[in-house]
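Asker: predicted structure and sequence below. I'll ask about it afterward.
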Amino acid sequence: MKIVVPIKRVVDYNVKVRPLGDQSDVDLNNVKMSMNPFCEIAIEEAVRLKEAGTATEVIAVTVGKKDSQEQLRTALALGADRAILIECEELLEPLSIAKVLSKVIEEEDPKLVILGKQAIDGDNNQTGQMLAALLNFAQATFASKVIIEDDVAVVTREIDGGLQTIKIKLPAIVTTDLRLNEPRYASLPNIMKAKKKELDIRPIEDLEIDVSSRTELLSVELPPERQAGIKVESVEELLNKLKTEAKVIS
């Protein structure tokens, strides 16, 4: 069974992002970039399925600038067999990303596509669902456990009310939640081996699809600073302030 894992290059989660001076976008100058944490979980799950003998090949795919090769090499070091970069200079919207990925997946014909439920930059949580719709694949989002049984995936999902376990037929799209697994670290020998693994780079124009934006970014601004709290001397004073100032109780 072949598994495709779409990944994304994002600002490292330890970095505090700031907007550019003209508020046109996020300032990425000299900022550390990493693989999206949810994508790391997706890679780990695919590699575990391969180690268990369920999968035969894991393919990492990303859509982005030439710099995204770094994250693909990381995916290869973590256990992916080969990687594909669809090179694009523009930052694409989730729908455009889904369109590009659908073309790659149609060519690769995998039984399973595993991707992060969202990216920590846009937090859209849209690409997996859009991809399933474009491919007409079954889907299971927010997965915290995945078991493959022949041509069926048994997926435990994180939902508002607790957990939900469903069965879906393959081929399918699965999006990962935080509790699915704990990603491994890439060892030095595997990092060296990753340099010799196949990384196919293709310009996005070769796919001949419409990736024009449907939305316009107006500005990027920091949220307003949180006001300092106050101390109260008694429960009565607290209740009074909640009633008269905060107006959260009546």
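Answerer: All right, it came through fine.
Asker: what about Leu131, which SS state?
Answerer: Classification of Leu131 using DSSP: H, G, I helix; E, B strand; the rest coil returns helix.
Asker: can you point me to the longest strand in the protein?
Answerer: For the chain, the strand with the greatest residue count under DSSP state E is strand 138-149.
Asker: average pLDDT for whichever helix or strand comes after that one?
Answerer: Note on strand 138-149: by DSSP states H and E, the next helix or strand toward the C-terminus is strand 152-159. Computed over strand 152-159, the mean pLDDT rounds to 95.
Asker: ok, strand 152-159: who's next to it in the sheet?
Answerer: Strand pairing for strand 152-159, determined by DSSP bridges: strand 138-149 (antiparallel), strand 162-169 (antiparallel).
Asker: contact partners of the first one?
Answerer: It refers to strand 138-149. With contact meaning C-beta atoms under 8 Å, 6 or more residues apart in numbering, strand 138-149 is reached by 1, 45, 49, 54, 112, 114, 117, 128-129, 132, 153-159, 163, 165-166, 168-177, 179-180. Every residue, glycine included, has its C-beta placed from N, CA and C.
Asker: buried subset of the residues you listed as a ChimeraX selection?
Answerer: Buried members of these, defined by 16 or more other C-beta atoms under 10 Å, are picked up in ChimeraX with:
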select :1,45,49,54,112,114,117,128,129,132,153,155,156,157,158,168,170,171,172,173,174,175,176,177,180
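Asker: and Tyr185, what pLDDT?
Answerer: pLDDT, read off for Tyr185, is 93.
Asker: can you check Glu89 too?
Answerer: What the model reports for Glu89 is a pLDDT of 88.
Asker: same deal with the one 10 residues further on?
Answerer: Confidence per residue is given as pLDDT, and for Lys99 that number is 96.
Asker: what packs against the helix or strand where it lies?
Answerer: Element membership of Lys99 [criterion: DSSP H and E] is helix 94-108. Helix 94-108 sits against strand 2-6, strand 57-64, strand 82-87, helix 127-135, with contacts defined as 3 or more C-beta pairs under 8 Å, 6 or more residues apart in numbering; DSSP states H and E.
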